[in-house]
Structures are given as C-alpha cells and as structure tokens.
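In: The sequence and its predicted three-dimensional model are supplied below.
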Amino acid sequence: MNESARAAEDGLVTGATLVTLDGGAGYGLVEDGALAWRDGVIRYAGPRAGLPGELAGDAIDAGGGCITPGLVDCHTHAVFAGERAGEFEQRLQGAGYEQIARAGGGIVSTVRHTRAASEDELLAQSLPRARALVADGVTTLEIKSGYGLDFDNERKMLRVARRIGDMLGIEVRATFLGAHALPPEFSDDPDGYIDAVVDWLPRLHAEGLVDAVDAFCERIGFSLAQTRRVFEAARALALPVKLHADQLSDGEGAALVAEFGGLSADHVEYTSMAGVEAMAVAGTVAVLLPGAFHVLRETRLPPLDLFRARHVPMAVATDCNPGTSPLLSLRQAMQLACTHFRLTPEEALRAATINGARALGLGDRGALRAGMRADFVHWRVRQPAELCYWLGGSLAAAVYAGGRRVA
Ligand code: NIG
Ligand code: FE
C-alpha cells in the first residue's frame, strides 16, 4: 500500500492475497481479496468479487503481496533500561546464565539500571524497541514489569508500558511480574518479598495498570508455593495468570498455572507429560520462546509432539529482554520456531496471531474475519511461508491496528 498515514478507522484494501487463518486449519488463502473495515472492525474479508455493494468505494490498491492478521507478541520484557551485552560476551566465554544470575548479574543488573532511570528516560529507551516490533508487524504487544521489584519502580514500568501503547496506536497488554527475581533488599527473605508483591498488586490494579499476572517459577526464581501465593492474590482480583514455567528445569510450573485456569505457560522446555495434560484440560496455551532458547544455546526441546497430540495451542513470542532474548522482531521469532522447534510456517503464523491473542485472553483478533478488530499487515511476499523463510530484512509494507495505519 503506498498511501500515507491514514486517520480514518474506515477503509477498504484490494489487490492482495488474504491469509485469513479463518477456521481451524490451513492458511485460509483468498486470492484477489478485499478487506473492508468500519470503526476499526473488519466488516468483510473475502474475494473482491464478493464485496457487498455498501462496502465498495475508494479502495487502497495493495499492488500484490499478502495480508495477514496483525501479529500478537504475547510475551515481552521490552521496557527496561541499559543492556547486558557484557553478559553475552561472558556466556560466550563459558559462563552460564544461572551462574551469572547467582553472582549478582542477570535480571538484578537490569533492575539497577531500570531503577536509576526516570519514567521519561525509561520510555525513551524502550520506545525504539516497541517501534521495531511494530515495524515488523506487531499490532498487539504484551509488556511485563519485573525490573523494578519495588512498588514505585514496578509502577513506573507499567506506566511506561501504557504510554507506549498510546504513543504507537497499538494495544499494549501490561502484565505484573513482581515475582521475577529477588531484589537485594529482600535477599534473605523471599517469603517477605512475596508478601510485598501481594500487597502491591491490588494497588497497581486499582490504577488500571495490570491486565494479567506472571511469575518466574524456577530454582533461580520463585518456588511453587510462592508462585501459588501470587496466583491467589491475582484470583482475588479476577486477574488472569500466566507463568514462566519449566524453562531450566521441570518445576511443575505448567501444572500449577493450569490449575489456576491460566492463560499460558511460557518457555515449557522441561514440561512433563502430566504438565501437558493439565494444560490441555485447562485450555492453557503453550508460549514458545525460541529467542531465549537460541541465545542460551539450549538443547532441550519443548514437548512439541505432545502439545500437538493433546491439542494444546502453541503461541510464539519474542520474549524481548536484555538478558536471554534481545530480539526485536516477532517474525524472526517465527523463523527461529521453525528452525529450532520445527514448527511449520503455518503453525508459526497461527502461533504469532490467533494463538498469541488467546495467550492474552483476547478473542477479537488473530484472524481476518468480519467482526474481528481491523489489525492487519500487508507484506511484500508472494506466499505466507516467506514470513518464516527470510532471516531479517523488512517485509512489512504497511501495518494497521484498529483500522489505523501505525507503520
Ligand atoms: O523470559 N526468565 C526470566 N525472564 C526472562 C529473562 C529476563 C532477563 O534475563 O533479564 C526470560 O527469559
Ligand atoms: Fe520472559
């Protein structure tokens, strides 16, 4: 599409292949398609020849290419200050992620930088990352707190997440991840820290800053019992939960988040058969994070065939963070999911759209269908598999969120 930015939430585009993802399987390809929207909601997605007369009018000519639903990045830590390239170098020389974390590096090193930044500085450092994600097709972005680890700094992060959504014209879902790591002031008292997290949550929620609650359940994070307390606090506020589960060891995190009817279990490399079964029963999405797998040079694959066999929906996200996944493209995460986890390109596209939306509890996006939000991307590709085939590059010709052009 070669028109300049549009203000209107109404529009019509023709001259591209639609990749609707409508229905349970297949790309849902519509050649020579038309996509019409009103008030930010899709009213028609189908063959141009079938466009209802009342929706006809001035059309944007896409001039070829494919249109997919907008991408949903359902797991990121994109708000942070500083970077950890030095740790990357240390790991290349043989240091382990857990070893660095235990020596006072890792997450708490980003906590130091994030605490030191003002809200405006934090926004200025985080916005380019969000812009890069949007430029490569993201129209819904989840952002976690978790580098503040005290009330004021967690609040600052969540406020920055909300401001990014307002500034970029996309929907940002803010997740409270107070239980991400133990801050130095609580180093001898993890249960006391959980008391504090449980105290902050209703106050942050009362300010409209929390859409979901997450925790890092791991031997270098929090125990099952501590995670359970965080989840109980979320349940008391009717907030949905998700979990960093079974990334470095089988901590039975997937089963716990499923027990709470959670939206997603994320990472899940070490999740057991029992964990997968619990997720299947609860309808919990498996969020695959191949960026962290790749950067940490992991070898243990998530139980992909079990997820498929038990119809556990699989999502893919960037996990954009300064330690394990400095990844600024969800399309690149899809590529990594195909190469490392052998997802098919169709599975990867569903994982980054309809299943990512489900991992955020959003049923109004992720497919091109009347009634869905008008979130879509026009790509300079002949066929959708190219989205997972090219490494890098800039394939997105135009990105629309809620019917407005955002990139
Ligand atoms: O999803 N595991 C915890 N959280 C992040 C890493 C955060 C960091 O290292 O800064 C993750 O991989
Ligand atoms: Fe993460």
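Out: Happy to help now that I have it. Numbering: from 1, shown residues only. Ligands and ions are numbered 1, 2, ... in the order given.
In: what's across from the nearest residue to Gln383 once chain neighbours are set aside in the sheet?
Out: The spatial neighbour of Gln383 that comes closest, neighbours along the chain excluded (Cβ to Cβ, 6 or more residues apart in numbering), is Cys66 at 7.1 Å. From N, CA and C alone the C-beta is placed, and that goes for glycine too. Here Cys66 sits in beta bridges with Thr17, Trp379, as judged by DSSP bridges.
In: burial count for Cys66?
Out: Per other Cβ atoms under 10 Å, the neighbour tally for Cys66 reads 24.
In: okay but it is in contact with Pro384, surely?
Out: Yes: counting by Cβ atoms under 8 Å, Cys66 touches Pro384, with 5.7 Å between them.
In: residues contacting the residue lying closest to Arg300 once chain neighbours are set aside?
Out: The shortest distance from Arg300 to any non-neighbouring residue, by Cβ to Cβ, 6+ apart, is to Glu269 (4.7 Å). Glu269 sits next to 246-248, 293, 298, 300-302 when contact means Cβ atoms under 8 Å, 6 or more residues apart in numbering.
In: Could you work out the most separated pair of those?
Out: Farthest apart among the contacts of Glu269 by Cβ to Cβ are Leu248 and Leu301. That separation is 14.0 Å.
In: neighbour count winner among those two?
Out: Here Leu248 and Leu301 are set side by side on neighbour count (other Cβ under 10 Å), and the busier one is Leu248, at 19 against 13.
In: Surely the more buried one touches Tyr270?
Out: Yes: between Leu248 and Tyr270 a contact is recorded at 7.2 Å, counting by Cβ under 8 Å.
In: Who are the packing partners of the helix or strand where Tyr193 lies?
Out: Element membership of Tyr193, judged by DSSP states H and E, is helix 190-206. Counting contacts by 3 or more Cβ pairs under 8 Å, 6 or more residues apart in numbering; DSSP states H and E, helix 190-206 packs against helix 151-168, strand 171-179, helix 224-236.
In: per-residue pLDDT, Glu98?
Out: Per-residue pLDDT puts Glu98 at 89.
In: tally of neighbours for it?
Out: Glu98 has 15 nearby residues by other Cβ under 10 Å.
In: now the one 3 residues further on
Out: For Ala101, the number of neighbouring residues by other Cβ under 10 Å comes to 19.
In: For it, which non-adjacent residue is spatially closest?
Out: Closest to Ala101 by Cβ to Cβ, 6+ apart is Ile220, at 5.1 Å.
In: I'd say the one you found and Gly251 touch.
Out: No: proximity of Ile220 to Gly251 does not meet the contact threshold set by Cβ under 8 Å, at 10.6 Å.
In: okay, these two: which has more neighbours?
Out: It is Gly251, of Ile220 and Gly251, that has more neighbours when counted by other Cβ under 10 Å, with 24 against 17.
In: doesn't that one fall inside a strand?
Out: No: applying DSSP: H, G, I helix; E, B strand; the rest coil, one finds Gly251 to be coil, outside a strand.
In: Please give me every residue in contact with it.
Out: 217-219, 224, 245, 270.
In: Next: Gly64.
Out: Shown in contact with Gly64 (Cβ under 8 Å, 6+ apart): 15-16.
In: Could I get the phi/psi values of the residue nearest to Ala101?
Out: With angles defined as degrees, to the nearest 10, Ile220 sits at phi -100, psi 10.
In: before we move on, the earlier item: other residues contacting the helix holding Tyr193?
Out: Here helix 190-206 makes contact (Cβ under 8 Å, 6+ apart) with 150-151, 154-155, 158, 176, 178-179, 182-183, 186, 210, 213, 222-223, 226, 229-230, 233-234, 236-237, 239.
In: Just the buried residues out of those residues, in ChimeraX syntax.
Out: Buried residues within the contacts of helix 190-206, by 16 or more other Cβ atoms under 10 Å, are selected in ChimeraX with:
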select :150,154,155,158,176,178,179,182,183,186,210,213,222,226,229,230,233,234,239
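In: Any buried residues in stretch 384-393, and which?
Out: Across stretch 384-393, burial judged by 16+ other Cβ under 10 Å covers 384, 386-388.
In: Looking at those, which is nearest ligand 1?
Out: Checking the buried residues of stretch 384-393 against ligand 1 by Cβ to the nearest ligand atom gives Cys388 as the nearest, at 21.9 Å.
In: quick revisit: what sits in contact with each of Cys66 and Pro384?
Out: Common contact partners of Cys66 and Pro384 (Cβ under 8 Å, 6+ apart): Val19.
In: Retrieve the pLDDT associated with the residue nearest to Gly82 when sequence neighbours are not counted.
Out: Among residues not flanking Gly82 along the chain, His113 sits closest, at 3.3 Å (Cβ to Cβ, 6+ apart). With respect to pLDDT, His113 scores 97.
In: Quickly note the distance from His113 to ligand 1.
Out: 11 Å (Cβ to the nearest ligand atom, to the nearest Å).
In: circling back: may I ask you to confirm that the residue nearest to Arg300 belongs to a strand?
Out: No: the assignment for Glu269, made by three-state DSSP, is coil rather than a strand.
In: Could you check how far it is from ligand 1?
Out: Per Cβ to the nearest ligand atom, Glu269 is found 11 Å from ligand 1.
In: Setting the sequence-adjacent residues aside, check what's closest to the residue of the chain found nearest ligand 1.
Out: Residue nearest to ligand 1 within the chain (Cβ to the nearest ligand atom): Gly323, separated by 2.4 Å. Nearest residue to Gly323, sequence neighbours excluded (Cβ to Cβ, 6+ apart): Arg84, at 5.3 Å.
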